[in-house]
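Asker: Build me a structure from this.
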Amino acid sequence: MTVTHMTAEMAEFTHWLGALAHRAERVGGWWAVFAERDPDGLRACLDGAELLPWDVVASLLQDVGEDPERGRRLYAAAAGAHDRRPGGATALVARRELMERELRHAEARIQELRELLRRPDPEEAARLAHDLAWTRDDHARATARIVDLTDRLDRLHATPPPGDAAAGPEPRRPRGARYAGTEDAAAEGPAPAAVPDLPAGAAAPRGARFRVRGAARTAEAPEPDTTAAAPGPDEAEEAVRAAANAVYALQRLRAQGRTGEAHVLLCEALGGPPGRLPALADALHRAGFGADWGTLLWEAASLPPDRLAAVAGALADAGRADDCEQLLRQGLARPVEELAGAVAALVAERHDREAHALLTAFLRARTPEEAARLAAVDPALLMPRLGAAARGLSPADDRALRHALRVAGVLGA
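Answerer: Coordinates of the predicted model:
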């Protein structure tokens with residue numbers, strides 16, 4: 001449907017989306033993917049001419065570490081107003097049929113790629129793994145959108161708009177389910193669902209999830225540890241050598257247009273010694289690949305707790321405090337149980353300063369009620385540390401946290 005008038009609901013959502021896009025652009029991550037794949041479609045959505053699919057919005061929210069609740073409400077209102085326009089029902093039916101075709105295509109392609117990967121040509125293995133990761137993303141997004149489109153149709157049929165039967169759907173050219181497009185994906189937006197991970201090939205660690213694990217617990221939050229030893233001369237030289245080799249290989253892959261393999265190469269660095277990452281950051285920036293370092297940090301935000309702690313600690317020890325803060329901030333949009341695991345891992349690795357930074361960022365971005373739910377996961381570990389973080393922000397934050405803890409029954413009256 002061609003938009004001729006922006007409803008109040010769409011205007012409010014578009015205003016909020018513009019602010020989110022500004023923050024997401026600084027982070028990179030999914031924003032960089034969407035902007036590269038369909039810049040015109042993304043611009044149409046930011047201008048309010050089309051409705052950005054919810055899974056795309058949710059991906060951006062995850063990147064910046066923001067709770068999705070407000071955006072979800074604004075999106076639902078905008079989608080409802082969009083669907084009630086004349087021709088809305090037929091356009092939703094057409095969109096669902098398109099997504100069903102995309103889903104069938106993705107299912108067939110996944111099976112095909114799995115067969116090929118059972119007996120891969122060594123030179124093709126990385127490309128096939130990368131294609132499989134993207135195809136799984138297509139499948140996940142198409143599945144979520146089909147569910148959402150069905151729900152939207154059910155709501156719309158409860159109160160059908162006048163004149164809907166007379167309007168027919170405009171033809172759409174499929175572009176794939178993974179990113180925004182004004183011709184094929186703008187009218188749909190999936191119901192709240194798990195955001196698919198950014199595919200990064202078989203070697204990429206993206207998709208790993210924080211898990212709560214045991215760690216030493218004390219009744220009082222310890223002072224931040226500052227005694228971590230710096231890498232020895234041999235280790236430092238090896239880190240510089242490895243970084244130079246990685247950048248050289250990255251330049252060759254980019255020159256040959258092998259972007260998928262370049263991404264896999266970057267992510268493989270997360271599987272090596274964390275102490276080498278600061279040297280890689282320096283080398284990437286010197287070579288003009290600063291954006292790739294941002295992507296690497298975004299990938300690292302989904303590492304398991306012990307690896308996340310090690311990477312954050314290595315960055316902090318090397319004086320890259322901003323990178324460490326960005327890494328921790330990008331993990332904030334996760335369930336409180338997973339965040340508790342991240343804090344436990346940081347404490348176990350004697351990186352109390354970084355644990356404090358993570359909890360401080362959490363208190364800034366999330367509500368006191370959510371902080372109380374986080375504390376309830378492991379009160380002995382988290383309550384003293386949350387209290388210290390709240391006191392470091394302001395007396396008002398400290399009072400709000402204490403009130404939420406009492407209401408939740410975590411803190412005695």
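Asker: show me what contacts the residue nearest to Arg254 when sequence neighbours are not counted?
Answerer: Of all residues not flanking Arg254 in the chain, Ala262 sits nearest, at 5.5 Å (C-beta to C-beta, 6 or more residues apart in numbering). C-beta here means a position set from N, CA and C on the backbone, and glycine is covered the same way. Applying C-beta atoms under 8 Å, 6 or more residues apart in numbering, one finds that Ala262 lies in contact with Leu250, Leu253, Arg254.
Asker: Same list (these) but as CSV, adding distance to Ala244.
Answerer: Listed next are the contacts of Ala262 as CSV, based on distance: C-beta to C-beta, whole Å:
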residue, distance to Ala244
Leu250, 11
Leu253, 15
Arg254, 16
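Asker: Is it possible to mark the buried ones in the residues you listed?
Answerer: Buried subset of those (neighbour count, 16 or more other C-beta atoms under 10 Å): Leu250, Leu253.
Asker: Between the contacts of Ala262, which sits nearest Ala314?
Answerer: Nearest to Ala314 among the contacts of Ala262, counting by C-beta to C-beta, is Leu250 at 20.3 Å.
Asker: which residues touch that closest one?
Answerer: So Leu250 contacts Ala262, Leu265, Leu266, Leu284, Ala287, Phe289, Asp292 (C-beta under 8 Å, 6+ apart).
Asker: Test for you: state the pLDDT assigned to the first one.
Answerer: Translated: Ala262. You'll see Ala262 listed with a pLDDT of 78.
Asker: What helix or strand is it located in?
Answerer: According to DSSP states H and E, Ala262 maps onto helix 259-268.
Asker: after that helix, next one along is what?
Answerer: Heading C-terminal from helix 259-268 (DSSP H and E), you reach helix 277-286.
Asker: Let me know the angle separating that next one from helix 259-268.
Answerer: Computed by axes from the mean of the first three to the mean of the last three C-alpha atoms, to 10 degrees, the angle separating helix 277-286 from helix 259-268 equals 150 degrees.
Asker: can you give me the offset of helix 277-286 from its chain's centre?
Answerer: Mean-position distance between helix 277-286 and its chain equals 23 Å (C-alpha atoms, centre = their mean, to the nearest Å).
Asker: cool, stretch 245-265 as well?
Answerer: In this view, stretch 245-265 has its centroid 23 Å away from the chain centroid, taken as C-alpha atoms, centre = their mean.
Asker: By neighbour count, which bits of stretch 56-74 are buried? Give me those.
Answerer: Buried residues in stretch 56-74, counted by 16+ other C-beta under 10 Å: 56-66, 68, 71-72, 74.
Asker: next one: stretch 26-38
Answerer: Quick answer for stretch 26-38 (16+ other C-beta under 10 Å): Val27, Gly28, Gly29, Trp30, Trp31, Ala32, Val33, Phe34, Ala35, Asp38.
Asker: how about those residues, which pair is most distant?
Answerer: Pairwise distances across the buried residues of stretch 26-38 peak at 18.8 Å for Val27 and Asp38 (criterion: C-beta to C-beta).
Asker: quick revisit: can you list which of the contacts of Ala262 are found in helices?
Answerer: With DSSP state H as the criterion, helices contain Leu250, Leu253, Arg254 from among those.
Asker: ok, the second one - contacts?
Answerer: The one in question is Leu253. Contacts of Leu253 (C-beta under 8 Å, 6+ apart): Thr259, Glu261, Ala262, Leu265.
Asker: Residue ranges in the protein under the pLDDT threshold?
Answerer: Where the chain drops to pLDDT under 70, the residues are 1-4, 120, 159-233, 331, 333-334, 412-413.
Asker: Please repeat the previous calculation with a cut-off of 50.
Answerer: Residues of the chain meeting the criterion pLDDT under 50: 1-3, 161-230, 413.
Asker: which of the buried residues of stretch 26-38 lies closest to Ala125?
Answerer: Nearest member of the buried residues of stretch 26-38 to Ala125, counting by C-beta to C-beta, is Val33, at 22.5 Å.
Asker: Pull the most distant pair out of the contacts of Leu250.
Answerer: For the contacts of Leu250, the maximum inter-member distance is 13.4 Å, found between Leu265 and Ala287 (C-beta to C-beta).
Asker: neighbour-wise, which of those two wins?
Answerer: Leu265 (21 against 16; other C-beta atoms under 10 Å).
Asker: Might one say that Ala21 is in contact with Cys45?
Answerer: No. Counting by C-beta atoms under 8 Å, Cys45 is not a contact partner of Ala21; they are 9.1 Å apart.
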